[in-house]
Each structure stands twice: as C-alpha cells, then as structure tokens.
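>>> Okay, sequence plus prediction incoming.
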Amino acid sequence: MDSKYSHPAYTRYPQLKELEESRKNMDLKETIRTVPNFPKEGIQFRDITSMLETPQAFNKACIDLTKACMQFNATKIVVIESRGFIFGSPIARDMELPLILARKPGKLPNKTYQRNYKLEYGEATLHIQQNSNLNKNDNVVIIDDLIATGGTAKALASLISQCWKIPKENILVLATINLPDLGGSAIIKKAGFNVETLIEFEGE
C-alpha cells in the first residue's frame with residue numbers, strides 16, 4: 001500500500017482514500033463560519049459547526065490531525081472539554097490509543113488533579129483524574145478545537161508535565177485553529193511545549 005495511505009483509518013474505511021483524493025485541494029478555512037460580535041462586541045467568533053456539518057471537511061481535519069499525532073509518535077491522547085472531544089475521539093479510535101478526558105469541575109468520578117487558568121472572558125478550572133493512564137515515558141498529545149490566548153492548553157500541559165513527570169518536549173498541543181494575534185501559541189511554545197495547528201485566522 002502507498003505509504004500515504006498506510007494509516008489504519010484507510011484500512012478500516014477504504015472510502016477515505018477516495019475522499020482524500022477528492023478533497024486534497026480543499027481549504028478547511030473556507031468551511032469555518034465567522035460570526036461577528038460573538039460572544040461580545042468586537043470578537044470574530046470562528047464557528048466550527050459549519051465544518052462539522054461538511055463531512056469531507058471534518059474527515060480531512062481528523063486525518064490531518066491524526067497525521068500530526070503519528071509524526072509525534074503519540075502514545076496517549078488527552079482531550080479538552082468539550083470541543084476537543086469531537087476531534088480527539090476519532091483519532092484515539094483510529095490510532096488505538098488511550099483517550100483521557102480533561103473536564104470541568106464535578107464531571108469526573110475519581111480523585112483529580114486540577115489547575116485554574118484565565119480565559120479571554122474570565123477564569124475556569126480543568127480536572128484530570130489521578131488514576132489516568134499516563135506515565136513519564138509517554139508522548140502526550142493534547143487536543144482542542146482552537147488556540148486563542150493559550151490559557152487552557154498551557155494549564156493542562158503544565159499539569160500533566162508536573163503530576164506525571166512527563167518532559168515538556170514530550171507534550172504536543174494540537175488544535176484545528178490558531179489565532180496567532182492573541183499570542184496563545186507563542187506562550188505555549190515559550191513555556192517549553194510543542195504546538196501544531198491546521199489553519200490560522202488573523203484578529204480576535
């Protein structure tokens with residue numbers, strides 16, 4: 001088999017090869033709707049729901065994100081509530097890797113580690129279970145839909161590195177969209193973690 005199509009997703013779903021060829025020139029950016037002045041005046045909200053409702057675009061995004069995970073030699077996938085769940089779940093399934101949830105307060109049944117962080121519009125807390133299947137030898141990919149100010153991903157990456165003694169260089173923050181003008185991706189990189197995204201939008 002052509003190495004380009006060696007990913008297990010193509011074995012399980014042969015139709016993906018045909019889809020990949022048909023959409024190789026597809027611009028994912030064009031499938032994402034921009035909603036002005038949401039959730040507040042002056043914000044250009046990048047709405048992924050329009051991409052999710054375009055099956056070929058969603059498939060392309062998942063395959064491209066999976067390739068990034070493969071290149072990083074990922075051993076664990078950590079997903080951020082809630083839109084990270086959408087992209088991370090098919091990746092973990094196709095790569096047959098553990099899927100670990102980072103959730104809001106009160107959502108996980110076991111003892112958790114937690115970290116507070118700042119958002120564009122306030123503050124929040126993420127929890128991850130202490131009995132999560134992580135160890136110091138893992139290559140961890142943290143998946144979310146978007147990197148803005150970087151507070152969420154940086155907090156989670158720092159928490160994982162600290163609590164499981166995983167070197168920062170063994171953690172990748174992976175997202176579909178980057179908003180580089182908000183500086184989040186640069187902040188995450190400066191903190192010592194890896195960052196990769198599929199597309200960028202200028203402005204807030």
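Received it, and whenever you're ready, just let me know what you need.
>>> Show me where the protein has its strands.
33-36, 44-47, 76-80, 99-102, 112-119, 122-129, 140-147, 171-178, 194-200 (DSSP state E).
>>> Quick one: closest of those to residue 61.
strand 171-178 (5.6 Å; CB to CB). C-beta here means a position set from N, CA and C on the backbone, and glycine is covered the same way.
>>> can you pull the contacts of residue 161?
Shown here is residue 161, whose contacts under the criterion CB atoms under 8 Å, 6 or more residues apart in numbering are 167-168, 171, 193.
>>> could you redo the last one with a cut-off of 10 Å?
Under the criterion of CB atoms under 10 Å, 6 or more residues apart in numbering, the neighbours of residue 161 are 136, 140, 167-171, 191-193.
>>> Then residue 98?
Taking CB under 10 Å, 6+ apart, one finds 75-78, 92, 132-134, 138 in contact with residue 98.
>>> where in this protein is pLDDT low?
Applying pLDDT under 70 to the chain flags the ranges 1-10, 12-13, 16, 19-20, 22-23, 120-121, 204.
>>> Tell me which residue is most central in the chain.
For the chain, the residue nearest the mean C-alpha position is residue 143 (2.1 Å; CA atoms, centre = their mean).
>>> isn't it right next to residue 173, touching?
Yes - if you go by CB atoms under 10 Å, residue 143 and residue 173 touch, sitting 8.3 Å apart.
>>> Which residues are in contact with each of the two?
Joint contacts of residue 143 and residue 173 (CB under 10 Å, 6+ apart) are 78, 80, 153.
>>> Now a PyMOL select for only the buried ones of those residues.
In PyMOL, this line selects whichever of the shared contacts of residue 143 and residue 173 come out buried by 16 or more other CB atoms under 10 Å:
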select buried, resi 78+80+153
